[in-house]
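J.: Have a look; sequence and predicted model below, questions after that.
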Amino acid sequence: MIDGLVQRFDVESSPVLAPGSIELRRFTAFAGMHGAGKSYLLAAIGDGLPGWQTTLGLPIENDGSDARLSGSYRLHLEHPAVHEIAYSRPLHWEQRRSEDERHEPLVVTRLTAYVAESERAMAAQETVFLRRFRMIERDELTRSEIDIVGLITGHVYERVVYGVLGEGHDMFPFVEAMRDGRVVNSWSMSASEYWVHFVLQHLRGADANEVVLIDEPETSLALPGHRPFIDEIARLTLSTGCQTLIATHSETMLERVPPALIRHVGASEDGSVVTPITNAASLLSSLGRSPRPVACLLFVEDDLAMQILHEILRIFAADELDRFDVVGTAGKDEAIRAAKLVARSRRLSAMAVLDGDQRECGAADDVSFLPGTQEPELMLVNALRSDVDESSNALRVDPVDLRVALDAVRFSTHQRVFVAIAESLNGVSAEELRSHAIRLWLSDSAVLAEARALAEQLLGRISHARSFVSR
């Protein structure tokens with residue numbers, strides 16, 4: 001995911017951006033404080049390419065005379081027909097149209113939550129007209145794609161179909177889905193659910209001549225949906241051949257992007273400066289994130305449960321990870337007692353998160369469970385057995401040796417399972433084995449869905465703690 005359509009963006013003069021050059025990749029994420037200039041940067045890049053916004057048939061400019069953008073810029077492209085585009089703004093929209101025609105079939109698509117709702121509102125005004133048409137250009141998602149959308153939105157879908165309604169210039173993107181046993185579509189979805197489908201539908205239809213600009217993809221989206229959403233945006237960027245540039249504040253999303261693909265946008269005397277970063281830690285520091293007090297104590301049965309829960313929180317609640325403290329105990333009874341004791345606090349929330357095989361205890365306000373219905377050790381070992389080839393490659397061991405080691409621990413006590421496997425393999429620690437097994441186990445869509453539901457429940461405990469303290 002290195003080469004993109006636009007390889008470099010030069011700022012020659014701008015009221016917001018400092019002069020200089022910005023190297024771009026096939027997928028690039030811009031991060032910075034509110035008001036740093038990220039949205040203006042996306043607009044400046046996009047304004048050099050043809051961009052009659054999606055299906056509205058309207059120019060990008062806010063009015064009929066001048067563009068909202070000003071300054072002089074230059075795009076350097078990797079394209080057989082167009083290698084460089086120099087442009088200055090403001091520009092009358094009729095001149096802009098003529099300029100755009102010279103650069104076709106290049107196109108830029110701007111995706112924001114405002115654009116999504118504006119298009120939906122415009123389409124809603126034409127419902128009588130649009131209901132005369134059947135959805136065309138139907139694009140039905142596969143089962144695995146549906147599961148990914150479910151992880152992002154938190155809904156259980158049986159079926160998802162993308163398409164368009166209308167004719168001629170009056171064509172609107174449309175979504176139709178079956179979820180939770182009932183039919184929903186673009187008209188009946190919430191703003192956050194529609195936004196996810198809006199982005200994914202446009203990305204699925206993009207190609208190598210297109211630059212997709214996504215401003216704050218995390219908008220209105222529950223925190224557990226951030227990681228699967230950015231993963232799917234990156235996957236579609238790779239599979240369609242388009243170039244995707246995003247601006248985001250989400251730490252969860254930024255942690256999924258390799259540092260080489262992230263650019264920091266920060267203020268200076270000359271305007272907003274865009275610089276590459278070397279690691280995620282320096283980025284979070286530059287964003288001014290300060291330590292926050294722990295709001296919720298999570299009591300688990302043992303060290304393995306601690307590791308599993310940490311990984312679930314890292315996946316679905318990275319932005320709030322510092323608000324949790326996961327504490328290991330000597331079993332379910334001690335975990336439950338500890339949670340009940342801490343729950344008396346006026347400043348802290350608490351919950352016991354028990355292993356999945358303890359579900360006969362019954363759920364309660366201060367008790368929840370890890371995914372699954374068996375002992376965690378058994379489920380993790382079964383995950384290793386399910387894909388020995390992938391595991392042996394990741395652990396750098398011979399597949400035959402791994403199969404033998406897995407077979408040899410069938411009669412080991414569950415506390416020693418990973419120690420016993422490590423002893424049978426050379427150069428692999430029990431910690432490394434556990435970490436890989438947990439990641440492999442959580443890659444299963446059903447397990448991941450349970451993990452997301454648990455994360456949402458735990459995030460609710462933080463909100464509860466905040467509201468309780470504020471009284």
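T.: Arrived safely.

J.: got the residue ranges for the helices in the stretch 151-300 of the chain?
T.: 191-204, 226-240, 251-254, 280-286 (DSSP state H, counting those that start in this stretch).

J.: Make a markdown table from those helices and add distance to Ser118 to it.
T.: Heads up, the C-betas are built off the backbone N, CA and C, glycines and all. Listed next are the helices of the stretch 151-300 of the chain as a markdown table, based on distance: least, Cβ to Cβ, whole Å:
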| stretch | distance to Ser118 |
| --- | --- |
| helix 191-204 | 11 |
| helix 226-240 | 21 |
| helix 251-254 | 24 |
| helix 280-286 | 32 |
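
J.: Kindly compare burial across these and name the winner.
T.: Scoring the helices of the stretch 151-300 of the chain by mean neighbour count under mean count of other Cβ atoms under 10 Å gives helix 251-254 as the most buried, with a mean of 23.

J.: Tell me who's in contact with the closest residue to Arg256 other than its chain neighbours.
T.: Distance criterion Cβ to Cβ, 6 or more residues apart in numbering; nearest residue to Arg256, sequence neighbours excluded, is Ile230 at 5.0 Å. Residues in contact with Ile230 (Cβ atoms under 8 Å, 6 or more residues apart in numbering) are 217, 246, 248, 250, 252-253, 256-257.

J.: Report pLDDT for Ile230.
T.: Ile230 carries a pLDDT value of 95.

J.: Any idea what Glu176 is bridged to?
T.: With DSSP bridges applied, Glu176 shows beta-bridge pairing to Val161, Asn185.

J.: Can you get me a residue count around it?
T.: Residues near Glu176, counting by other Cβ atoms under 10 Å, number 18.

J.: Wait, it touches Val161, no?
T.: Yes - under the criterion of Cβ atoms under 8 Å, Glu176 makes contact with Val161 at 4.9 Å.

J.: Show me the common contact partners of the two, please.
T.: Common contact partners of Glu176 and Val161 (Cβ under 8 Å, 6+ apart): Met135.

J.: For stretch 27-40, what is the distance to the chain centroid?
T.: 16 Å (Cα atoms, centre = their mean, to the nearest Å).

J.: could you dump it to CSV, C-alpha only?
T.: Provided in CSV are the C-alpha atoms of stretch 27-40 (Å, rounded to 0.1, in the frame of the first residue of the first chain):
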residue,chain,number,x,y,z
PHE,A,27,-3.4,5.2,2.1
THR,A,28,-2.5,8.2,4.2
ALA,A,29,-3.9,9.3,7.6
PHE,A,30,-3.7,12.9,8.8
ALA,A,31,-3.8,13.5,12.6
GLY,A,32,-3.7,16.6,14.7
MET,A,33,-5.5,18.7,17.2
HIS,A,34,-8.9,20.2,16.5
GLY,A,35,-8.4,23.3,14.3
ALA,A,36,-5.0,22.2,13.1
GLY,A,37,-6.0,22.4,9.4
LYS,A,38,-6.7,18.7,8.6
SER,A,39,-10.0,19.4,6.9
TYR,A,40,-8.6,22.3,5.0
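
J.: Can you give me the buried ones in that stretch?
T.: Across stretch 27-40, burial judged by 16 or more other Cβ atoms under 10 Å covers 27-32, 36-40.

J.: tell me which of these is nearest to Thr142?
T.: Of all the buried residues of stretch 27-40, Phe27 has the smallest distance to Thr142: 22.5 Å, by Cβ to Cβ.

J.: for the helices of the stretch 151-300 of the chain, which one sits closest to Ile462?
T.: Within the helices of the stretch 151-300 of the chain, the stretch nearest Ile462 is helix 251-254; the backing value is 14.8 Å (Cβ to Cβ).

J.: Does that closest one pack against any helices or strands, and if so which?
T.: strand 27-31, helix 226-240, helix 280-286 (3 or more Cβ pairs under 8 Å, 6 or more residues apart in numbering; DSSP states H and E).

J.: Compare these and give me the one nearest Ala116.
T.: Closest to Ala116 of the helices and strands packed on helix 251-254 is helix 226-240 (Cβ to Cβ; 13.9 Å).

J.: sorry, back to before: looking at the helices and strands packed on helix 251-254, which is closest to Phe411?
T.: Closest approach to Phe411 among those is made by helix 226-240 (37.6 Å; Cβ to Cβ).

J.: Determine the angle, from 0 to 180 degrees, between the closest one and helix 191-204.
T.: Helix 226-240 and helix 191-204 are oriented at 20 degrees to each other (axes from the mean of the first three to the mean of the last three Cα atoms, to 10 degrees).

J.: Can I get helix 226-240 in CSV? Just the C-alpha atoms.
T.: Taking C-alpha atoms only, helix 226-240 is exported to CSV below (Å, rounded to 0.1, in the frame of the first residue of the first chain):
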residue,chain,number,x,y,z
HIS,A,226,-13.4,2.2,15.0
ARG,A,227,-10.9,-0.6,14.5
PRO,A,228,-13.0,-2.8,12.1
PHE,A,229,-14.0,0.3,10.2
ILE,A,230,-10.5,1.5,9.5
ASP,A,231,-9.4,-2.0,8.7
GLU,A,232,-12.2,-2.3,6.1
ILE,A,233,-11.4,1.1,4.6
ALA,A,234,-7.8,0.0,4.2
ARG,A,235,-8.8,-3.4,2.7
LEU,A,236,-11.1,-1.7,0.1
THR,A,237,-8.5,0.8,-0.8
LEU,A,238,-6.1,-2.0,-1.5
SER,A,239,-8.6,-4.2,-3.4
THR,A,240,-10.1,-1.4,-5.6
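
J.: which residues sit in contact with Leu454?
T.: Residues near Leu454 by Cβ under 8 Å, 6+ apart: 312, 353, 368-371.

J.: I'd like those laid out as a markdown table, including distance to Ile146 and secondary structure.
T.: Shown next, in a markdown table, are those (distance: Cβ to Cβ, whole Å; DSSP: H, G, I helix; E, B strand; the rest coil):
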| residue | distance to Ile146 | secondary structure |
| --- | --- | --- |
| Ile312 | 22 | helix |
| Val353 | 28 | strand |
| Ser368 | 26 | strand |
| Phe369 | 25 | strand |
| Leu370 | 25 | coil |
| Pro371 | 20 | coil |
